[in-house]
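1. this one's structure only:
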């Protein structure tokens, strides 16, 4: 019945929590002290398999490993047996989703599922000839807002090479940057993926000073915009895995150029010490909009310290406690130190999180605060007013700038299935303008409270899930009296 309805796995999304295979692969990294760089932007199938391949041969079996290894079989053959030109590893899987309700989903690659019912049916293919990686996904869309609306899209299309820690490729795929489990201040899959070329390198495991991960990518943001059409965008990421439990990161995302706008010099793109031109009434000079961040992840192997074996899965003791922090700023402002220019951040934002794991039981909390008022993080720049958005959706945190959001979850991650109960709340402030000490804001704040219940399992056609979300909003879009309930029920992925 599941196959007949097409309710099977869609291409794995970038956010680690929304892909059960990525979720369990990263859980094993934490439990078994594997040298996994977890904050890198690419959480795709090949990287998940690389995480699992670092487990030592004599590591005891984990009851949850079988389901993940079956789902990642093509990728595990590549990383464990080496690339093959004559017999490339590959898989083609059907994909599908049925959903109903009036609550637009977040962190789903920009798919808002308009109307009261939606259906998605398609397929994904993964091919690894030699050192090359080729992935593609296509699907048909049906939405029922009254008159049926049909369409097609391609949520992923990627071509590149991956060999000995080096990744070079171009295409569209979802990404999640930083240590956040639910969201990120820098980059998530809340909006549709954009055309992007990237170059990344990760040093080998077993090095005395840990592992280093470097990545740089550039592309453009298509779609409808009110400011500059098709602006260029880039991101840079540096990660240092000092120990399996200690990861440091420094990231940057920027917008530049676009139709009718000159592109800044290469030096300014790499180090924007003078990103803004204020005496340019016609807005014809090169300009940039920037965000940068520092982040830290600490994982405490409490179970090992207490003498509990890492393979023990009883709930009578903690296995790990994890803490993470992402600190960033929007709009780089140039400062001067002894005649040497250096960039400084403004409009500070923070994202904090904690997670405790006891056997299959997982307790998580994450809090993001972006009440900067002046720079607004994702929108409001003088030239790139739509900012870091695609088709009106934030490319990072779903709540956007000038917001406070908190997310909590309790999950049960067993062998071939899992369940999660979550709750969230968010406050959005309608800032109009800020000048000096004077702040103009709308009188009504938008407040959201919601709960969700989801479950997932694996089959021979990949993983699939079911979820129910209910949300209460007051002051929607900052309008007095615009209150109401919304819900979403979905099966598939």
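-> Perfect, thanks for sending it. From a predicted model like this one, the values you see are computed outputs, not experimental measurements.
2. can you report phi and psi for residue 121?
-> phi -140, psi 130 (degrees, to the nearest 10).
3. you'd agree it is up against residue 140?
-> Yes: counting by Cβ atoms under 8 Å, residue 140 is a contact partner of residue 121 at 5.4 Å. Every residue, glycine included, has its C-beta placed from N, CA and C.
4. how close does the closest residue to residue 212 other than its chain neighbours get to residue 209?
-> Residue nearest to residue 212 in three dimensions, not counting chain neighbours: residue 203, with 4.7 Å by Cβ to Cβ, 6 or more residues apart in numbering. Going from residue 203 to residue 209 by Cβ to Cβ, to the nearest Å gives 9 Å.
5. neighbour count for the two, which is higher?
-> Remark: of residue 203 and residue 209, residue 203 carries more neighbours, 17 against 9, as counted by other Cβ atoms under 10 Å.
6. so residue 253 bridges to which residues?
-> Beta-bridge pairing of residue 253 under DSSP bridges involves residue 235, residue 291.
7. going forward can the numbers begin at 12, since that is how I track them
-> Yep, numbering from 12; the last one is residue 264 now.
8. that one and residue 249, how far apart?
-> Residue 264 is 13 Å from residue 249, by Cβ to Cβ.
9. the more surrounded of these two?
-> Between residue 264 and residue 249, counting by other Cβ under 10 Å, residue 264 is the more crowded of the two (24 against 14).
10. residue contacts, that one?
-> Residue 264 makes contacts with 188, 197, 198, 244, 245, 246, 301, 302, 303, 399, 407, as judged by Cβ atoms under 8 Å, 6 or more residues apart in numbering.
11. for the stretch 262-411 of the chain, which segments count as strands?
-> 299-311, 331-348, 351-369, 372-380, 400-401, 404-405 (DSSP state E, counting those that start in this stretch).
12. of those, which is nearest residue 485?
-> strand 372-380 (20.0 Å; Cβ to Cβ).
13. and the closest one, how far from the chain's centre?
-> In terms of Cα atoms, centre = their mean, to the nearest Å, the centre of strand 372-380 is found 16 Å from the chain centre.
14. quick one: strands adjacent to that strand?
-> strand 351-369 (antiparallel), strand 414-424 (antiparallel).
15. for the longest one, buried residues please.
-> The reference is to strand 351-369. 354, 356, 358-360, 362-369 (16 or more other Cβ atoms under 10 Å).
16. distance to residue 285 added to the residues you listed, as JSON lines?
-> What follows is these, written out as JSON lines (distance: Cβ to Cβ, whole Å):
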{"residue": "354", "distance to residue 285": "10"}
{"residue": "356", "distance to residue 285": "15"}
{"residue": "358", "distance to residue 285": "18"}
{"residue": "359", "distance to residue 285": "21"}
{"residue": "360", "distance to residue 285": "23"}
{"residue": "362", "distance to residue 285": "29"}
{"residue": "363", "distance to residue 285": "33"}
{"residue": "364", "distance to residue 285": "35"}
{"residue": "365", "distance to residue 285": "39"}
{"residue": "366", "distance to residue 285": "41"}
{"residue": "367", "distance to residue 285": "46"}
{"residue": "368", "distance to residue 285": "46"}
{"residue": "369", "distance to residue 285": "52"}
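17. nearest to residue 86 among these?
-> residue 368 (24.8 Å).
18. quick one, what contacts residue 28?
-> Residue 28 neighbours (Cβ under 8 Å, 6+ apart): 34, 192, 193.
19. who wins on neighbours among those?
-> Neighbour max across those (other Cβ under 10 Å) = residue 193, 28 neighbours.
20. wait, that residue touches residue 377, no?
-> Yes: in this structure, residue 193 is within contact of residue 377 by Cβ under 8 Å, at 4.8 Å.
21. and for these two, which residues touch both?
-> By Cβ under 8 Å, 6+ apart, the residues touching both residue 193 and residue 377 are 364, 418.
22. contacts for the helix or strand harbouring residue 469?
-> Assessed by DSSP states H and E, residue 469 sits inside strand 457-470. Strand 457-470 is contacted by residues 13, 19, 31, 78, 81-82, 427-439, 441, 474-489 when judged by Cβ under 8 Å, 6+ apart.
23. out of those, which are inside helices?
-> By the criterion of DSSP state H, membership of the contacts of strand 457-470 in helices covers 13, 31, 78, 81, 82.
24. if I look at the fourth one, how far off is residue 87?
-> Applying Cβ to Cβ, one obtains 9 Å for the distance of residue 81 from residue 87.
25. which residues are contacting stretch 152-162?
-> By Cβ under 8 Å, 6+ apart, stretch 152-162 touches 124, 125, 126, 127, 128, 129, 130, 131, 151, 163, 164.
26. how many residues are close by residue 225?
-> Counted by other Cβ under 10 Å, the residues lying close to residue 225 total 15.
27. quick check: it vs residue 330, distance?
-> Distance check for residue 225 against residue 330: by Cβ to Cβ, it reads 31 Å.
28. ok, now residue 227?
-> To residue 330, residue 227 is 35 Å away according to Cβ to Cβ.
29. okay, these two: which has more neighbours?
-> Using other Cβ under 10 Å as the criterion, residue 227 and residue 330 rank with residue 330 on top: 28 against 16.
30. ok, how many other residues are close to the closest residue to residue 63 other than its chain neighbours?
-> Nearest residue to residue 63, sequence neighbours excluded (Cβ to Cβ, 6+ apart): residue 36, at 5.6 Å. Using other Cβ under 10 Å, the number of residues around residue 36 comes to 28.
31. all helices of the stretch 62-211 of the chain, in order?
-> Ranges of helices in the stretch 62-211 of the chain, per DSSP state H, counting those that start in this stretch, are 76-82, 84-92.
32. need those in JSON lines with distance to residue 181, can you?
-> Below are the helices of the stretch 62-211 of the chain laid out as JSON lines (distance: least, Cβ to Cβ, whole Å):
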{"stretch": "helix 76-82", "distance to residue 181": "26"}
{"stretch": "helix 84-92", "distance to residue 181": "20"}
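33. using CSV, lay out the ones you listed together with mean neighbour count and mean pLDDT.
-> Compiled in CSV, the helices of the stretch 62-211 of the chain are given as follows (neighbours: other Cβ atoms under 10 Å; pLDDT from 0 to 100):
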stretch, mean neighbour count, mean pLDDT
helix 76-82, 20, 83
helix 84-92, 18, 92
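34. tell me which of residue 132 and residue 151 has more neighbours.
-> Ranked by neighbour count (other Cβ under 10 Å), residue 132 and residue 151 place residue 132 first, with 18 against 14.
35. output the below-cut-off pLDDT ranges for this structure.
-> Across the chain, the ranges flagged by pLDDT under 70 are 12-27, 69, 71, 286-288, 318-327, 342-346, 352-355, 446-448.
36. find the centremost residue of it, please.
-> In the chain, the centroid-proximal residue (Cα atoms, centre = their mean) is residue 187; its distance is 2.4 Å.
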